[in-house]
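*Asks:* Just to be clear, the model below is a prediction. Sequence and coordinates:
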Amino acid sequence: MAVNAMYLSVTNQPLLSSPALLKSLQVRSFTVRCSTGSASTGATVSAPWKLADARLVLEDGSIWRAKSFGALGTQVGEVVFNTSLTGYQEILTDPSYAGQFVLMTNPHIGNTGVNIDDEESIQCFLAGLIIRSLSISTSNYRCTESLSDYLSKRNIMGIYDVDTRAITRRLREDGSLIGVLSTEQSKTDEQLLEMSRTWNIVGVDLISSVSCKKPYEWVEKTGLDWDFNANRRCEETFRVVAYDFGIKHNILRRLACYGCKITVVPSTWPASETLKMNPDGVLFSNGPGDPSAVPYAVETVKEIIGKVPVFGICMGHQLLGQALGGKTYKMKFGHHGGNHPVRNIRNGSVEISAQNHNYAVDPESLPSGVEVTHVNLNDGSCAGLAFPQQKLMSLQYHPEASPGPHDSDLVFDQFVELMRKEKQSSCWKS
């Protein structure tokens with residue numbers, strides 16, 4: 001049988017001119033023979049590595065060849081980039097990424113695998129994952145399965161071996177783009193491009209698809225091994241109603257650590273029912289998409305403001321802005337990552353924050369009395385609000401991190417203090 005082969009030989013030709021060195025140097029000759037299969041039968045020989053089998057087609061007409069992992073098929077979504085170095089599992093399970101492809105700027109992803117403890121919700125809501133290099137092995141004491149297997153079981157598409165730096169630069173220059181991921185060779189580039197240009201994420205209610213369907217109680221706290229502010233745990237109990245617009249588990253854990261007894265309610269839960277529960281405070285959570293697409297949520301916020309202390313995070317912050325009469329706008333490419341500097345205007349300190357949003361509140365549109373408390377130092381956008389007369393506070397970013405730094409965790413203590421003062425005030429009035 002004829003076999004194609006490659007030969008590599010090394011001879012003992014003099015490499016150095018010194019006779020002493022030449023005498024002590026011994027070089028062996030050897031031959032490497034690499035078989036590539038049968039040449040006589042013409043049988044097809046498979047490459048020993050995975051070949052490109054997927055495409056990312058962006059609405060600007062660019063086509064990016066890549067290799068697939070996770071689920072197969074065709075999926076459309078908005079492409080955003082995330083600058084976090086770690087925490088890809090928390091990002092995968094963050095409901096705020098619903099309808100989006102997340103491109104990780106950190107090139108090496110998957111090396112720690114996945115585990116049950118790092119889930120931020122009960123499922124993956126993002127449309128797909130885009131990475132440069134997929135780790136071929138996992139190494140972490142908590143790892144239970146590989147990233148590829150994890151995505152396959154949850155029907156989430158992923159691609160790798162694509163130039164993520166070039167795509168990131170394109171998104172920074174042109175803004176977020178709609179894209180289509182596909183492993184289906186039957187679909188032409190033109191068909192995929194048409195899909196990307198006819199799909200739109202603006203004005204779509206994404207909250208209703210990620211919110212819980214009925215109320216439930218939350219009791220879990222951050223484990224002591226992971227609690228970085230355990231000395232500030234509060235023994236006093238505060239009843240909090242948390243609106244689930246796509247809430248992350250770690251927000252609930254941090255509230256529980258600060259002494260909150262939490263009832264989580266769906267995004268459509270009536271304000272009247274919330275007020276009947278007589279809570280000490282109300283949390284409006286993070287969530288995906290356009291705040292202007294959920295007017296029912298804005299109306300709910302309006303009915304609650306001023307009656308009890310409220311705290312808004314991310315989407316909750318934007319809904320509070322609209323409920324106060326302000327406007328929101330879509331950012332060029334948003335903020336996604338765990339390294340965004342924010343200045344606290346009240347005390348002048350700078351916090352490194354975790355962020356994930358494509359919309360922001362226009363501070364110029366807010367009525368008098370509303371105070372901008374935090375500013376993003378990258379672009380000057382509004383990152384926090386307060387309205388003392390209405391017992392209101394909010395942040396555009398994620399104080400619970402997960403993943404990300406813990407600089408802003410004490411804001412939960414500030415919310416507790418807001419509720420404590422209101423309880424004391426009510427006692428004096430009564």
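*Replies:* Okay, I see it.
*Asks:* Tell me, how many residues neighbour the residue nearest to Asn376 when sequence neighbours are not counted?
*Replies:* Spatial nearest neighbour of Asn376, chain neighbours left out: Ala383 (4.7 Å); criterion: C-beta to C-beta, 6 or more residues apart in numbering. Every C-beta, even on glycine, is put in place using the N, C-alpha and C of the backbone. Residues contacting Ala383 under the criterion other C-beta atoms under 10 Å number 32.
*Asks:* Show me what the strand or helix carrying Ala383 is in contact with.
*Replies:* Ala383 is part of strand 382-387 when elements are defined by DSSP states H and E. Residues from elsewhere that reach strand 382-387 (C-beta atoms under 8 Å, 6 or more residues apart in numbering): 312, 317, 320-321, 324, 342, 344, 353, 360-363, 366, 369-376, 392-397.
*Asks:* Tell me the gap between it and the middle of its chain.
*Replies:* In terms of C-alpha atoms, centre = their mean, to the nearest Å, the centre of strand 382-387 is set 22 Å apart from its chain centre.
*Asks:* Check stretch 336-347 too.
*Replies:* The chain centroid and the centroid of stretch 336-347 are separated by 17 Å under C-alpha atoms, centre = their mean.
*Asks:* same deal with stretch 169-188?
*Replies:* Here the centre of stretch 169-188 is set off from its chain's centre by 19 Å, with C-alpha atoms, centre = their mean.
*Asks:* in that stretch, what counts as buried?
*Replies:* For stretch 169-188, the neighbour count (16 or more other C-beta atoms under 10 Å) marks 170-171, 176-183 as buried.
*Asks:* and the most centrally placed residue in the chain, helix, strand or coil?
*Replies:* What sits nearest the mean C-alpha location of the chain, by C-alpha atoms, centre = their mean, is Ile91, with 3.5 Å. Here Ile91 is helix, with the state taken from DSSP: H, G, I helix; E, B strand; the rest coil.
*Asks:* Relative to Ile201, how far out is it?
*Replies:* Noted for Ile91: a distance of 18 Å to Ile201, by C-beta to C-beta, to the nearest Å.
*Asks:* Grab the nearest non-local neighbour of Arg253.
*Replies:* Nearest non-adjacent residue to Arg253 (C-beta to C-beta, 6+ apart): Thr222, at 4.6 Å.
*Asks:* and the nearest residue to Glu217 once chain neighbours are set aside, what does it touch?
*Replies:* Leaving aside its sequence neighbours, Glu217 sits nearest to Thr263 (C-beta to C-beta, 6+ apart; 5.8 Å). With contact taken as C-beta under 8 Å, 6+ apart, Thr263 is in contact with 215-218, 239-242, 277, 279.
*Asks:* what's the closest of the residues you listed to Asn111?
*Replies:* Within the contacts of Thr263, the smallest distance to Asn111 is 31.7 Å, found for Trp218 (C-beta to C-beta).
*Asks:* So what's the predicted local confidence for the closest one?
*Replies:* Predicted confidence (pLDDT) at Trp218: the value is 98.
*Asks:* how many neighbours does it have?
*Replies:* That count, for Trp218 with other C-beta under 10 Å as the rule, works out to 19.
*Asks:* Give the buried residues for the longest helix anywhere in the chain.
*Replies:* Scanning the chain for the longest helix, with DSSP state H as the assignment, gives helix 411-429. Of the residues in helix 411-429, 411-413, 415-416, 418-420, 422 count as buried by neighbour count, 16+ other C-beta under 10 Å.
*Asks:* Cross the buried residues of stretch 169-188 against strands and list the overlap.
*Replies:* Among those, DSSP state E puts 177-182 in strands.
*Asks:* for the stretch 101-250 of the chain, what spans make up the helices?
*Replies:* Here the stretch 101-250 of the chain has its helices, by DSSP state H, counting those that start in this stretch, at 147-153, 164-174, 189-198, 249-257.
*Asks:* returning to that earlier point: isn't the residue nearest to Arg253 right next to Tyr258, touching?
*Replies:* No. Shown here, Thr222 and Tyr258 do not form a contact pair, counting by C-beta atoms under 8 Å, at 10.1 Å.
*Asks:* quick one: which of the two has more around it?
*Replies:* Each of Thr222 and Tyr258 has its neighbours counted (other C-beta under 10 Å); Tyr258 has more, 23 against 20.
*Asks:* so that one touches Glu417, yeah?
*Replies:* No. Using C-beta under 8 Å, Tyr258 makes no contact with Glu417, being 9.8 Å away.
*Asks:* what residues are shared contacts of the two?
*Replies:* Between them, Tyr258 and Glu417 share no contacting residue under C-beta under 8 Å, 6+ apart.
*Asks:* Dihedrals phi and psi, Trp49?
*Replies:* Trp49 adopts backbone torsions of phi -140, psi 160, taken as degrees, to the nearest 10.
*Asks:* Could you count how many residues lie near it?
*Replies:* Trp49, neighbours per other C-beta under 10 Å, totals 7.
*Asks:* give the contact list for it.
*Replies:* So Trp49 contacts nothing (C-beta under 8 Å, 6+ apart).
*Asks:* What's the separation between it and Asp161?
*Replies:* Taking C-beta to C-beta, one finds Trp49 at 10 Å from Asp161.
*Asks:* beta partners for Tyr243?
*Replies:* For Tyr243, the beta-bridge partners under DSSP bridges are Val265, Phe284.
*Asks:* Identify the residues contacting it.
*Replies:* Residues in contact with Tyr243 (C-beta under 8 Å, 6+ apart) are 265-267, 269, 282-285, 297, 300, 316.
*Asks:* ok, now how distant is it from Val301?
*Replies:* Tyr243 is 8 Å from Val301, where distance means C-beta to C-beta.
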